[in-house]
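Chemist: got a predicted model here, sequence first, then my questions.
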Amino acid sequence: MQHTAAGARTDYPRTAIVTGADSGIGKATAIALAGAGHDVGFTWHDDEAGAADTARSIEALGQRSHAAWLDTRNFASCAPVITDLATALGSLGVFVNNVGIGLNKSVIDTELQEWQRILDTNLNGAFLCMQAAAKILVAGEKGGRMVVVTSIHGHQPRFGFGAYCASKYGLDGLTKTLALELSGHGINVNAVAPGEIATHLPVTESRHPHEIPRPGIPLGYGGTAEEVAAVITFLASPAASYVTGASWEVDGGMAEVGAQASSHLTNNDWREATRSGTSQASEE
């Protein structure tokens with residue numbers, strides 16, 4: 001493959017694929033991209049009703065939607081699903097990799113199958129989806145955008161998040177490498193690194209996330225999926241034509257107070273993977 005200094009392109013098709021868009025950040029992103037004028041194909045895994053709602057929301061904005069079920073641990077299905085969605089859309093201009101799960105368990109207590117599940121979902125399957133999307137974008141010869149949802153814990157580690165951090169650090173490195181490799185094709189590749197995003201509040205919680213005090217975050221509250229989606233939509237737009245290889249922290253300033261913790265933490269609770277000592281998993 002010959003690489004040349006093509007420069008950023010802004011005439012790429014207004015079609016997008018978002019993985020993991022049945023809930024949370026992925027769903028908010030699919031809807032935000034539709035609001036910005038994109039037809040959107042998306043994958044879903046857990047919530048069929050949520051996927052149907054995502055499709056309705058896209059179509060209510062006057063854009064076409066196409067949905068496909070995908071488990072990124074099923075490696076053989078990753079590239080075909082992305083290719084089929086791009087075919088249904090008729091083109092591809094934007095690809096957003098969002099699928100991810102978590103595990104809150106110390107490294108020495110993590111079983112190999114747990115480690116493998118996190119790495120397969122968050123990194124290995126993501127690689128196959130991103131590779132397929134990159135091939136489609138390159139073949140389209142009109143440039144494009146790729147945005148990868150990583151995590152603030154792809155920049156800074158957290159106790160009990162060994163497998164998760166490893167997957168997100170790896171994903172961040174893959175994103176930056178792709179930014180170099182695809183730059184000659186007019187394709188910009190960036191990451192968004194969310195901090196504490198309120199996508200799993202209890203059903204009994206009626207307050208807006210901004211109204212729930214979080215003293216450890218400089219802005220004083222957790223973020224929303226829509227706030228992350230807004231940054232992704234910007235990076236997917238022609239306005240971000242000179243941004244590539246970046247990782248945007250959407251964390252309310254959380255990453256900036258790490259060193260200050262040494263003088264402000266008042267107990268050793270941070271040394272526990274979980275309060276109960278059990279593992280936990282959550283979707284992005």
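Modeler: Received the coordinates, thanks. For clarity, every value in this text was computed on a predicted model and none was experimentally measured. Numbering: from 1, shown residues only.

Chemist: just give me the neighbour total for Ile108.
Modeler: Counted with other C-beta atoms under 10 Å, the neighbours of Ile108 add up to 7. Every C-beta, even on glycine, is put in place using the N, C-alpha and C of the backbone.

Chemist: distance of it from Arg73?
Modeler: Distance of Ile108 to Arg73, computed by C-beta to C-beta, to the nearest Å: 24 Å.

Chemist: for Lys168, same thing?
Modeler: 17 Å.

Chemist: how about Thr266?
Modeler: Counting by C-beta to C-beta - Thr266 and Arg73 are separated by 41 Å.

Chemist: comparing these two, which residue is more hemmed in?
Modeler: Arg73 (17 against 5).

Chemist: how about the contacts made by the more buried one?
Modeler: Arg117, Asp120, Thr121, Gly125 (C-beta atoms under 8 Å, 6 or more residues apart in numbering).

Chemist: double-check that the third one belongs to a helix.
Modeler: Read that as Thr121. Yes: using DSSP: H, G, I helix; E, B strand; the rest coil, the assignment for Thr121 is a helix.

Chemist: hang on, isn't it packed against Gly102?
Modeler: No: look at Thr121 against Gly102 with C-beta atoms under 8 Å: they stay out of range, at 9.8 Å.

Chemist: the stretch 1-150 of the chain: helices as residue ranges?
Modeler: 24-35, 48-60, 75-89, 112-119, 125-140 (DSSP state H, counting those that start in this stretch).

Chemist: now the residue most central in space within the chain. Nearest residue, chain neighbours left out?
Modeler: Residue closest to the average C-alpha location in the chain (C-alpha atoms, centre = their mean): Val149, at 2.2 Å. Once flanking residues are discounted, Val149 sits nearest to Asn98: 4.5 Å by C-beta to C-beta, 6 or more residues apart in numbering.

Chemist: how about Met130?
Modeler: Asn97 (5.5 Å).

Chemist: which ones are touching that neighbour?
Modeler: Thr19, Ala126, Cys129, Met130, Ala133, Met146, Val147, Val148, Val149, Leu171.

Chemist: beta-bridge partners for it, please?
Modeler: Val148 (DSSP bridges).

Chemist: what about Thr87, how many residues nearby?
Modeler: Using other C-beta under 10 Å: Thr87 sits among 13 other residues.

Chemist: so how many other residues sit close to Ala68?
Modeler: Neighbours around Ala68, by other C-beta under 10 Å: 18.

Chemist: do the same with Glu59
Modeler: Glu59: 14 neighbours (other C-beta under 10 Å).

Chemist: and the pLDDT for it?
Modeler: Model confidence at Glu59, expressed as pLDDT, equals 98.

Chemist: Thr4 now?
Modeler: Confidence for Thr4, expressed as pLDDT, is 52.

Chemist: ok, His264 next?
Modeler: 84.

Chemist: ramachandran angles for it?
Modeler: For His264, the backbone dihedrals (degrees, to the nearest 10) come out as phi -120, psi -20.

Chemist: try Gly20
Modeler: Residue torsions, per degrees, to the nearest 10, at Gly20 are phi 70, psi 50.

Chemist: gap between it and Ala163?
Modeler: In terms of C-beta to C-beta, Gly20 sits 18 Å off from Ala163.

Chemist: please apply the same query to Ala179.
Modeler: Taking C-beta to C-beta, one finds Ala179 at 25 Å from Ala163.

Chemist: between the two, which one's more packed in?
Modeler: Comparing Ala179 with Ala163 by other C-beta under 10 Å, the one with more neighbours is Ala163, at 24 against 20.

Chemist: now what about the stretch of helix or strand the more buried one belongs to, what contacts it?
Modeler: Assigned by DSSP states H and E, Ala163 belongs to helix 162-182. Applying C-beta under 8 Å, 6+ apart, the set of residues contacting helix 162-182 from outside is 3, 97, 100, 102-107, 110, 114-115, 118-119, 121-123, 126-127, 130, 134, 137-138, 146, 148, 150-151, 153-155, 157-158, 188-191, 193, 244-245, 247.
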